[in-house]
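Sequence isn't available, so here's the structure alone:
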């Protein structure tokens, strides 16, 4: 899953980017409102963490522009402004959640997981597809109770496909949601990662839909939440 982190504090940005990367996310960073608006307008993020007190364009204005343009990406406001009026302004501008500084990183991560679940229409905290399980809280996955050893990119791939299981996902979409902006993107590498994940979870769980992409489904005889 891919996150846009919008924060002008250098030290906090570094800490948050490290924590989010460790949690399995691909992270892009914007240090001002102008860059944030451009990235949010042109890149398909799964969720945005947005500060309000930004240089060039303030966070509320950035959010209002996104919503006017029809951008529905979930947005969590992360700010030192804790007054009830600031919270109301943030929610009225289109925010989905609001967290004030100082904060605990684990709470931020939990709120992001909840936003991602809601946006995908998923109720359970643990993702399941037949005998395949993935726990975003621990960044761990298993097949029929056996733990899987996954690289960070393999985990991101599996996480995204489990969030959208049953739907055909193109290689382009996978590239856009697995890699951060600075990564040397090549859609051909997706085939390599698909092959590696298939070997670990069972080759028949990921179907190739010729000319369209890939689809994650339970094995024959398994229910989605078996």
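Noted; the coordinates are in hand. Owing to the predicted nature of the structure, the values given are computational and were not obtained by experimental measurement.

Enumerate every residue touching residue 100.
Counting by Cβ atoms under 8 Å, 6 or more residues apart in numbering, residue 100 touches 79, 80, 81, 82. Yep, even glycine has a C-beta here, placed from its N, CA and C like the rest.

Give me the distance between the two termini of stretch 40-50.
Criterion Cα to Cα, to the nearest Å; first-to-last residue distance in stretch 40-50 is 11 Å.

related to what we said a few turns ago, most neighbours of all the contacts of residue 100, which one?
residue 79 (21 neighbours; other Cβ atoms under 10 Å).

sorry, back to before: could you redo the contacts of residue 100 as JSON lines and give each row distance to residue 204, secondary structure and pLDDT?
As requested, the contacts of residue 100 are exported to JSON lines (distance: Cβ to Cβ, whole Å; DSSP: H, G, I helix; E, B strand; the rest coil; pLDDT from 0 to 100):
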{"residue": "79", "distance to residue 204": "47", "secondary structure": "strand", "pLDDT": "91"}
{"residue": "80", "distance to residue 204": "51", "secondary structure": "coil", "pLDDT": "91"}
{"residue": "81", "distance to residue 204": "51", "secondary structure": "coil", "pLDDT": "88"}
{"residue": "82", "distance to residue 204": "51", "secondary structure": "coil", "pLDDT": "86"}
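
Farthest pair within those residues?
Comparing every pair within the contacts of residue 100 by Cβ to Cβ identifies 79 and 82 as the most remote, at 7.9 Å.

now what about stretch 52-65, what contacts it?
Contacts of stretch 52-65 from elsewhere in the structure, counted by Cβ under 8 Å, 6+ apart, are 6, 8, 31-34, 36-37, 40-41, 50-51, 75, 77, 79-81, 86, 89-90, 93-95.

now the helices for the chain?
For the chain, applying DSSP state H gives helices covering 10-22, 33-42, 59-68, 84-93, 105-120, 152-163, 171-178, 188-201.

Which positions within the fifth one qualify as buried?
Of the residues in helix 105-120, 108, 109, 111, 112, 113, 115, 116, 117, 120 count as buried by neighbour count, 16 or more other Cβ atoms under 10 Å.

ok, and the closest non-adjacent residue to the fifth one?
Okay, so that is residue 113. Using Cβ to Cβ, 6 or more residues apart in numbering and skipping the chain neighbours, the partner closest in space to residue 113 is residue 136 (5.2 Å).

what's the pLDDT at that neighbour?
The model reports residue 136 with a pLDDT of 92.

Verify the stated contact: it with residue 24.
Yes: between residue 136 and residue 24 there is a contact under Cβ atoms under 8 Å: 7.3 Å.

what domains does the record give for the chain?
Split into domains by automatic domain parsing, the chain comes to 2-119, 127-216.

ok, of the ones you listed, where does mean pLDDT dip lowest?
Ranked by mean pLDDT, those end with domain 127-216 at the bottom, a mean of 91.
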